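Novice: kindly generate the corresponding structure for this input.
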Amino acid sequence: MSVGDALVLAMDIAIKHGLAWTAIEDILKFGNLMLGRNVLPETKYIFRKFSGSSPEEMTFHFCCPSCETLLAKTGGKLSERNSLSCTCTICGEKYLCRQLMTNGNYFVSLPLQKQFASLLADISVREQLLKSLSRESEDTCLSDIMDGAFYKNQRKKLNCQPEDLTLTVSTDGSPMFRSSSYAIWPVHLTLNELPSHLRWNNVICSLLWYQNNTQT
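Specialist: Model prediction:
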């Protein structure tokens, strides 16, 4: 298991139980103690740097177990989720959102604007972006994604201006975590215009998709 995997699991525990930051920090410290080395961030400030936000800043989207219609969305506070109920406009079934969470019929979106602002606040990232956007791409030399025909064609289709940035959306071929009732699939964003060494060190987590195992 990678450090990123462990952080997503810690975030999953925090989300499920509406934990305070002190409890999250204790979980991370316990993880380091069990591993015998400090590989997980033990303060909320570093953890937020890795995860992009706190559970309270996330948005929860609930789906119908039968037809997967989007039922409702709410903020990250545990009290909001536990008190919310919703009715499917397609099936007519009524659900308690806390039960939908238990069964894995939901996904969690993380605030992207805040994560991108944090990324672009880094001077080295801004400098590399400006350098990448101003460089001339050679058709005969393929050194990175920006030199590829598909990338260039997509920018033309989208009518991108020279200063516009583009993203690649991806998820692993298998879930990061699987329990008896649900699996977690993190959906990541990478900034194409960053050099590869910075691109993979600044992956943004856009959402956590919870998939009910009984529906697969």
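Novice: my guess is residue 107 contacts residue 186. True?
Specialist: No: with the criterion set as C-beta atoms under 8 Å, residue 107 and residue 186 do not qualify as a contacting pair; they are 10.5 Å apart. Where C-beta positions appear, they are placed from N, C-alpha and C, glycine not excepted.
Novice: next secondary structure after the helix or strand bottoming out on mean pLDDT in the chain?
Specialist: Scoring the helices and strands of the chain by mean pLDDT, DSSP states H and E places helix 44-51 at the bottom, with a mean of 53. Beyond helix 44-51 on the C-terminal side, the first helix or strand identified by DSSP states H and E is strand 59-63.
Novice: residue 165 in helix, strand or coil?
Specialist: Per DSSP: H, G, I helix; E, B strand; the rest coil, the local secondary structure of residue 165 is coil.
Novice: excluding its backbone neighbours, what's nearest residue 88?
Specialist: Using C-beta to C-beta, 6 or more residues apart in numbering and skipping the chain neighbours, the partner closest in space to residue 88 is residue 64 (4.3 Å).
Novice: report the buried residues of the helix or strand that contains residue 151.
Specialist: Using DSSP H and E, residue 151 sits within helix 149-157. Going by neighbour count (16 or more other C-beta atoms under 10 Å), the buried part of helix 149-157 is 151, 155.
Novice: next helix or strand past that helix?
Specialist: On the C-terminal side of helix 149-157, the closest following helix or strand by DSSP H and E is strand 167-170.
Novice: so what pLDDT did the closest residue to residue 106 other than its chain neighbours get?
Specialist: The spatial neighbour of residue 106 that comes closest, neighbours along the chain excluded (C-beta to C-beta, 6+ apart), is residue 62 at 4.7 Å. According to the model's per-residue confidence, residue 62 sits at a pLDDT of 93.
Novice: residue 62 against residue 100, yeah?
Specialist: Yes: using C-beta under 8 Å, residue 62 makes contact with residue 100 at a distance of 4.9 Å.
Novice: which residues do these two both contact?
Specialist: Common neighbours of residue 62 and residue 100, counting by C-beta atoms under 8 Å, 6 or more residues apart in numbering, are 71, 106.
Novice: how does this protein divide into domains?
Specialist: Following automatic domain parsing, one gets these domains for the chain: 3-55, 59-109, 112-208.
Novice: helices of the protein, start to end?
Specialist: Using DSSP state H, the helices of the chain run over residues 3-17, 21-35, 44-51, 78-83, 97-103, 112-120, 123-134, 149-157, 196-199.
Novice: redo those as a markdown table? Include distance to residue 141.
Specialist: Supplementary listing: the helices of the chain in a markdown table, determined by distance: least, C-beta to C-beta, whole Å:
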| stretch | distance to residue 141 |
| --- | --- |
| helix 3-17 | 32 |
| helix 21-35 | 43 |
| helix 44-51 | 35 |
| helix 78-83 | 52 |
| helix 97-103 | 50 |
| helix 112-120 | 28 |
| helix 123-134 | 15 |
| helix 149-157 | 13 |
| helix 196-199 | 15 |
